[in-house]
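S.K.: Okay, structure incoming, though there's no sequence with it:
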């Protein structure tokens, strides 16, 4: 499901500039997911932004989009960690 969503998101239009912008956003999204994978504890938006040198607003938008999709969940004082939907996707994937 997530792979199809990402492919649709990346390749849904023919506008080159739009695809570059979407590609940059996806790189940032995967950087955030990678940072969370390496973290021992849930992270705040400000922690993520500082570690990756991204604007807080960018991290906020990506984190809340991933939360809406169930990929991330919030804990306590806006700390983010991997959500249950990510584990569900992992369990049903025939390639992992």
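M.R.: Thanks, I have the structure now. For clarity, every value in this text was computed on a predicted model and none was experimentally measured.
S.K.: Spell out the residue ranges of the helices in the chain.
M.R.: Under the criterion DSSP state H, the chain contains helices at 2-11, 16-38, 45-52, 56-68, 84-92.
S.K.: and the last one, how far from the chain's centre?
M.R.: Just to be clear, that refers to helix 84-92. Counting by CA atoms, centre = their mean, to the nearest Å, helix 84-92 is centred 14 Å from the centre of its parent chain.
S.K.: OK, contacts around the nearest residue to residue 85 once chain neighbours are set aside?
M.R.: The spatial neighbour of residue 85 that comes closest, neighbours along the chain excluded (CB to CB, 6 or more residues apart in numbering), is residue 70 at 2.9 Å. For every residue, glycine as well, the C-beta is placed using N, CA and C. The neighbourhood of residue 70, defined by CB atoms under 8 Å, 6 or more residues apart in numbering, consists of 83-86.
S.K.: where are the low-confidence patches of the chain?
M.R.: 1-22, 93-96 (pLDDT under 70).
S.K.: Just give me the residue closest to the centre of it.
M.R.: By CA atoms, centre = their mean, the chain has its centre lying nearest to residue 29, at 3.9 Å.
S.K.: now the contacts of residue 70 in TSV, with distance to residue 57?
M.R.: TSV is the format used below for these (distance: CB to CB, whole Å):
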residue	distance to residue 57
83	22
84	27
85	24
86	24
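S.K.: Columns neighbour count and distance to residue 49 on top of those residues, output as CSV?
M.R.: Shown next, in CSV, are the contacts of residue 70 (neighbours: other CB atoms under 10 Å; distance: CB to CB, whole Å):
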residue, neighbour count, distance to residue 49
83, 16, 20
84, 10, 25
85, 17, 23
86, 19, 21
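S.K.: which one of the residues you listed sits closest to residue 44?
M.R.: residue 83 (16.3 Å; CB to CB).
S.K.: Skipping its backbone neighbours, what lies nearest residue 54 in space?
M.R.: Among residues not flanking residue 54 along the chain, residue 28 sits closest, at 6.2 Å (CB to CB, 6+ apart).
S.K.: how much space between that neighbour and residue 92?
M.R.: Using CB to CB, to the nearest Å, one gets 26 Å for the distance from residue 28 to residue 92.
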